[in-house]
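Engineer: got a predicted model here, sequence first, then my questions.
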Amino acid sequence: MTHAVGHRGPDGEKTMVDGPVGPAFRRLALVGPDNGTQPLLSDDGSVALIANGEVCNHRDLEKSRIPDVALRTRSDCGVLAHLYAREGRHFLDHVAGVFAIALWDRKRRTLVLARDRFGIKPLYYARVGDQVVFGSEIKALFQHPECPRAVDWDVTLGEQTLTVAPYLSQEPVTSWFRGVEMVPAGAIVTIDLTSGSTTRHDYWKLPDFDGQASLSDEEFVTAYRDLLAESVRDCANIEGSSRIITQTVVAKCVSGRVMSLGPVSGSGNSGYNVAVSDPVTISC
């Protein structure tokens, strides 16, 4: 299964077999490249976690949610195992980032699968007899010879958006294959490996809007611009940001007309300033 998704993680491979669970991980080392090998463990070893993605506010979470914990690695995802050990199904309530998580809770003997709020990172799972297989791509699941793989044509032909987020459609999310499930965006799926029961907890959903606005159009534009600038500053590790996302060279692509290119100043990473049509300038 790991070989089927080897392109997603060229920097390392590790498998952990613990009782009924055998999580395997292919790593793309961006944060904590020297000591961030997964699976990541909680302090008492009761929680083992593998995660695909980034936790953008991991430093803030370390200070505010688990200030007494000395993390063993510099991995941004390391904070998640400790948060789960303390907060249970609410461990993602304050997490900002893009991620897909598979977590083994040894005490409760449960497998926990979760995705970020907008479902940017993929995560699929299927039941094969008394087993559960999961992965970042469906073809990893298909490495199991008994994994269901029949196309659900009724759903496939009726699905126009290929949505990964349920609030963009009235229909449940679908993988297009019968028996292969997709973990919904903003949701935590818990599978009890003793009883086989499955529960779902939606830790976030798109806020409702009744059409009544307390802000003017100009105030909405200003608030949106400020939030976008803050998000870009945090993710790009620009001067003034308290968050460092990566210790490797990164590039970010935006849609728009490229006006100028130049080296980033005040950054330890190589990169470029990309200025798109006025008035937005984004550093990356």
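Structural biologist: Yep, that arrived. Numbering: from 1, shown residues only.

Engineer: for residue 102, phi and psi?
Structural biologist: phi -120, psi 120 (degrees, to the nearest 10).

Engineer: that one: neighbour count?
Structural biologist: If you count neighbours by other C-beta atoms under 10 Å, residue 102 ends up with 25. Where you see a C-beta, it was placed from the backbone N, CA and C, and this is true even at glycine.

Engineer: then residue 213?
Structural biologist: By other C-beta under 10 Å, neighbour count at residue 213 equals 10.

Engineer: cool, the one 5 residues further on as well?
Structural biologist: Neighbourhood size, residue 218 [other C-beta under 10 Å]: 8.

Engineer: what's the pLDDT at it?
Structural biologist: With respect to pLDDT, residue 218 has a value of 92.

Engineer: gap between residue 128 and residue 117?
Structural biologist: Per C-beta to C-beta, to the nearest Å, residue 128 is found 29 Å from residue 117.

Engineer: now swap in residue 198 and tell me
Structural biologist: According to C-beta to C-beta, residue 198 stands 21 Å off from residue 117.

Engineer: and these two? Which one has more around it.
Structural biologist: Per other C-beta under 10 Å, whichever of residue 198 and residue 117 has more neighbours is residue 117, with 19 against 16.

Engineer: pretty sure that one contacts residue 186?
Structural biologist: Yes. In this structure, residue 117 is within contact of residue 186 by C-beta atoms under 8 Å, at 4.6 Å.

Engineer: shared neighbours, these two?
Structural biologist: Contact with both residue 117 and residue 186 is made by residues residue 204, according to C-beta atoms under 8 Å, 6 or more residues apart in numbering.

Engineer: how about the helices in this structure?
Structural biologist: Using DSSP state H, the helices of the chain run over 58-64, 78-87, 138-141, 153-158, 217-236.

Engineer: where in this protein is pLDDT low?
Structural biologist: Applying pLDDT under 70 to the chain flags residues 3-6, 9-14, 25, 27-37, 159-171, 234-284.

Engineer: the strands in it, which residues?
Structural biologist: Taking DSSP state E as the criterion, the chain contains strands spanning 13-15, 24-26, 40-41, 47-55, 97-105, 110-115, 124-128, 131-135, 180-182, 187-192, 198-202, 260-263, 272-275, 281-283.

Engineer: between the ones you listed, which gets nearest to residue 70?
Structural biologist: Of all these, the one in closest proximity to residue 70, counting by C-beta to C-beta, is strand 40-41 (13.1 Å).
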